[in-house]
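Novice: give me coordinates for this.
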Amino acid sequence: MDHSNGEHIIHKVGAPSSKQNLMKEFRTTVKETFFSDDPLRQFKNQTRSRKFFLGLQAIFPILAWGRTYNLSKFKGDLIAGLTIASLCIPQDIGYAKLAGLDPQYGLYSSFVPPLIYAFMGSSRDIAIGPVAVVSLLLGTLLQAEIDPAENPTEYCNLAFTATFFAGITQFTLGFLRLGFLVDFLSHAAVVGFMGGAAITIALQQLKGLLGIKNFTKNSDLISVMKSVFGSVHHGWNWQTVLLGVSFLAFLLIAKFIGKRNQKWFWVPAIGPLISVVLATFLVYITRADKDGVQIVKYIRKGINPPSVKHIYFTGKYLTTGIRIGVVAGLVALTEAMAIGRTFAAMKDYQLDGNKEMVALGTMNIMGSFTSCYVTTGSFSRSAVNYMAGCRTAVSNIVMSIVVLLTLLVITPLFKYTPNAILASIIISAVVGLVDYKAVILIWKIDKFDFCACMGAFFGVVFAGVEIGLLIAISISFGKILLHVTRPRTAVLGKLPGSTVYRNIEQYPDASKVPGILIVRVDSAIYFSNSNYIKDRILRWLADEEEQLTAQGLPQIQHLIVEMSPVIDIDTSGIHAFEDLYKSLQKRDIQLMLANPGTAVIDKLHASKLDDVIGHDKIFLTMADAVRCCNPNSTIDEV
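Specialist: Numbering: from 1, shown residues only. Next up is the predicted model:
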């Protein structure tokens with residue numbers, strides 16, 4: 001629009017683009033959906049040998065950053081690796097028990113998978129190993145099928161089977177570049193699920209913390225509380241309670257010290273190992289195990305035995321293993337991606353989500369072949385890894401070597417480790433998963449998100465992990481459907497002294513233009529929402545006419561639809577606008593469109609709807625459309 005010399009120039013809406021052929025349009029859509037990051041751009045104009053080497057780097061990122069690796073970086077990785085090893089060893093023993101497996105399987109899972117990830121992963125900070133939430137989820141799902149006490153071999157085999165298919169799920173999502181599917185689980189639902197799982201895990205540890213022998217197998221709050229208080233007079237062991245509560249207090253104080261001053265990060269990191277050493281020594285010299293203090297008793301010595309032959313590739317447990325593996329794999333993937341992105345943002349580097357999925361999938365597949373269960377990124381260990389000064393994934397290799405030495409030499413020393421210490425370590429570890437600050441922020445930002453968060457939280461706490469996960473997924477998809485099927489619309493008014501039109505609810509000073517109703521649609525128009533948008537616009541019109549009649553003012557003569565936010569429209573959307581046009585014609589109201597985008601104008605032209613509405617009723621700007629309705633008005637009036 002040119003206002004020089006008092007002239008007013010109305011620019012035409014861009015003509016429809018030349019129609020792409022079907023294959024070209026299909027290729028463009030596929031590229032933007034699955035290859036939006038253009039992963040093959042680095043191979044352009046390269047020699048064959050260079051392309052081969054770049055291909056290897058894509059699969060094994062260590063070949064890229066390894067060329068610049070030096071002693072300075074190794075010092076940081078060595079300290080970080082030793083620090084997270086001191087944290088992971090006692091945690092792994094406890095998490096294995098949480099999954100219903102013998103303690104050595106937790107250590108196995110911190111030896112092989114981190115080595116594989118170090119070569120294939122793209123995150124510099126993530127620390128790999130068993131985690132509390134996945135261990136609980138896996139244990140819950142497995143124990144619903146097999147009792148580990150009655151059939152320990154079948155239970156273990158099903159765990160390996162689930163781990164294998166968890167890896168297959170993760171690898172497939174990454175290889176087919178379907179990582180965006182993980183984002184369908186909303187952040188609010190994940191916060192609620194993690195918080196609920198943390199409460200459930202902590203409740204489960206009351207068995208070990210209080211020395212209760214006969215404990216419920218259910219994980220919901222009511223069942224656990226009944227089991228705890230029902231055995232208060234005959235099931236609690238006072239030596240166990242004293243030991244567990246004392247060391248839990250020590251661990252929580254250590255964690256508090258680490259949070260208050262980051263220079264003391266190593267205090268909570270080595271706290272679990274110190275607790276295990278001291279508690280084991282106390283039990284050994286006092287022989288408290290003879291007074292009812294439950295101990296680990298035995299951890300198998302030696303490195304991971306092969307387990308390929310134990311995976312159920314056929315038989316009645318195959319479908320069960322697939323189902324459990326897919327669920328556990330997706331939860332593990334969600335946690336790892338959230339952790340990886342968090343630390344990548346803190347250090348300002350790019351994380352390739354699809355490469356991460358391939359790396360995580362590969363390590364779990366190989367882990368299932370070497371007696372490991374589902375592993376992923378651990379937030380607590382990754383945070384310690386970051387604060388300890390890790391520079392690359394070599395810290396995972398250092399941790400793996402320490403775990404290997406532990407398996408070969410130290411495991412017999414854990415014989416007298418009391419279960420109460422493992423329970424206190426797990427409780428102190430999962431406390432951080434209850435992110436109350438995130439919940440408060442969610443409440444402030446979006447009340448629907450808060451409902452999703454609380455739904456997932458209470459579902460896990462009162463109904464169990466499976467129900468909680470189902471609620472989290474259902475609410476996440478429900479929110480997507482709500483936004484897709486019920487997009488926002490707004491009535492616009494003109495801001496004083498300008499040609500800018502904005503939502504009258506957001507800008508009370510914005511005034512409606514007499515005889516004109518201006519409506520904006522804040523969404524693409526598809527089959528899922530087209531009828532709603534048409535009906536909503538007609539409701540806006542009916543409400544406006546009712547108000548004008550009550551005030552004795554002239555009725556609406558023009559309806560202008562602001563199309564800037566409408567990025568696309570489908571056949572149902574076209575039909576909805578045709579119906580809207582016919583309804584308006586019956587009321588002697590003219591339909592006008594302002595600033596339709598390329599995709600929209602193409603489809604308006606292809607459907608001939610632009611001929612029906614009239615080419616002279618489609619405008620580049622809102623001011624042009626309003627001026628057309630009031631041709632005698634001045635520029636300031638529009």
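Novice: who's in contact with the helix or strand that contains Ser583?
Specialist: If you go by DSSP states H and E, Ser583 is part of helix 571-586. Applying Cβ atoms under 8 Å, 6 or more residues apart in numbering, the contact partners of helix 571-586 are 525-527, 530-531, 533-534, 537-538, 559, 569, 590-591, 603-604, 607, 609, 612-613. Where you see a C-beta, it was placed from the backbone N, CA and C, and this is true even at glycine.
Novice: what are the ranges of the strands in the stretch 51-200 of the chain?
Specialist: Using DSSP state E, counting those that start in this stretch, the strands of the stretch 51-200 of the chain run over 127-129.
Novice: revised request: answer the last question for the chain.
Specialist: For the chain, the strands defined by DSSP state E cover 127-129, 376-378, 489-494, 501-503, 516-521, 558-562, 590-594, 618-619.
Novice: and the first one, what does it pack onto?
Specialist: Identification of packing neighbours for strand 127-129 by 3 or more Cβ pairs under 8 Å, 6 or more residues apart in numbering; DSSP states H and E yields helix 71-98, helix 112-120, strand 376-378, helix 379-387, helix 394-405.
Novice: quick one: mean pLDDT over the longest one.
Specialist: Confidence for helix 71-98, expressed as mean pLDDT, is 91.
Novice: can you name every helix or strand that that helix contacts?
Specialist: Applying 3+ Cβ pairs under 8 Å, 6+ apart, one finds that helix 71-98 contacts helix 103-108, strand 127-129, helix 132-143, helix 266-286, helix 379-387, helix 394-405, helix 419-430.
Novice: gap between Leu141 and Gly464?
Specialist: Distance, Leu141 to Gly464, by Cβ to Cβ, to the nearest Å: 10 Å.
Novice: how's this structure carved up into domains?
Specialist: Domain assignment for the chain by automatic domain parsing gives 72-481, 487-629.
Novice: which one of these is the most hemmed in?
Specialist: Highest mean neighbour count among the domains of the chain (mean count of other Cβ atoms under 10 Å): domain 72-481, with a mean of 21.
Novice: next one: that one to chain centre, how far?
Specialist: Using Cα atoms, centre = their mean, to the nearest Å, the distance from the centre of domain 72-481 to the centre of the chain it belongs to is 17 Å.
Novice: quick one: terminal-to-terminal distance for it?
Specialist: Taking Cα to Cα, to the nearest Å, domain 72-481 runs 51 Å from one end to the other.
Novice: ramachandran angles for the closest residue to Gln104 other than its chain neighbours?
Specialist: Closest residue to Gln104 apart from its sequence neighbours, by Cβ to Cβ, 6 or more residues apart in numbering: Arg300 at 4.4 Å. The phi/psi pair for Arg300 (degrees, to the nearest 10) reads phi -60, psi 130.
Novice: from Val461, how far out is the closest residue to Gln46 other than its chain neighbours?
Specialist: Using Cβ to Cβ, 6+ apart and skipping residues adjacent in sequence, the residue nearest Gln46 is Leu54, 6.6 Å away. In this view, Leu54 and Val461 are 49 Å apart by Cβ to Cβ.
Novice: could you dump the strands of the chain to JSON lines with mean pLDDT and distance to Phe193?
Specialist: JSON lines is the format used below for the strands of the chain (pLDDT from 0 to 100; distance: least, Cβ to Cβ, whole Å):
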{"stretch": "strand 127-129", "mean pLDDT": "94", "distance to Phe193": "20"}
{"stretch": "strand 376-378", "mean pLDDT": "91", "distance to Phe193": "15"}
{"stretch": "strand 489-494", "mean pLDDT": "91", "distance to Phe193": "33"}
{"stretch": "strand 501-503", "mean pLDDT": "91", "distance to Phe193": "35"}
{"stretch": "strand 516-521", "mean pLDDT": "93", "distance to Phe193": "34"}
{"stretch": "strand 558-562", "mean pLDDT": "94", "distance to Phe193": "39"}
{"stretch": "strand 590-594", "mean pLDDT": "93", "distance to Phe193": "43"}
{"stretch": "strand 618-619", "mean pLDDT": "91", "distance to Phe193": "48"}
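Novice: those: which one's closest to Thr370?
Specialist: Evaluated over these, closeness to Thr370 peaks at strand 127-129, with 14.0 Å, by Cβ to Cβ.
Novice: mind listing the strands that closest one pairs with, and their directions?
Specialist: Pairing partners of strand 127-129, with direction, according to DSSP bridges: strand 376-378 (antiparallel).
Novice: so what touches the strand it pairs with?
Specialist: Against strand 376-378 from outside (Cβ under 8 Å, 6+ apart): 88, 91, 123, 126-131, 134, 332-333, 335-336, 339-340, 360.
Novice: same thing but 6 Å
Specialist: Ile126, Ala127, Gly129, Val131, Val134, Ala332, Glu335, Ala336, Ile339 (Cβ atoms under 6 Å, 6 or more residues apart in numbering).
Novice: same question, stretch 345-358
Specialist: Ser122, Ser123, Gln170, Phe171, Leu173, Gly174, Phe175, Arg177, Gly179, Gly340, Arg341, Ala344.
Novice: now do 8 Å
Specialist: So stretch 345-358 is in contact with 37, 39, 58-59, 61, 120-125, 170-171, 173-175, 177, 179, 182, 333, 336-337, 340-341, 344, 386, going by Cβ under 8 Å, 6+ apart.
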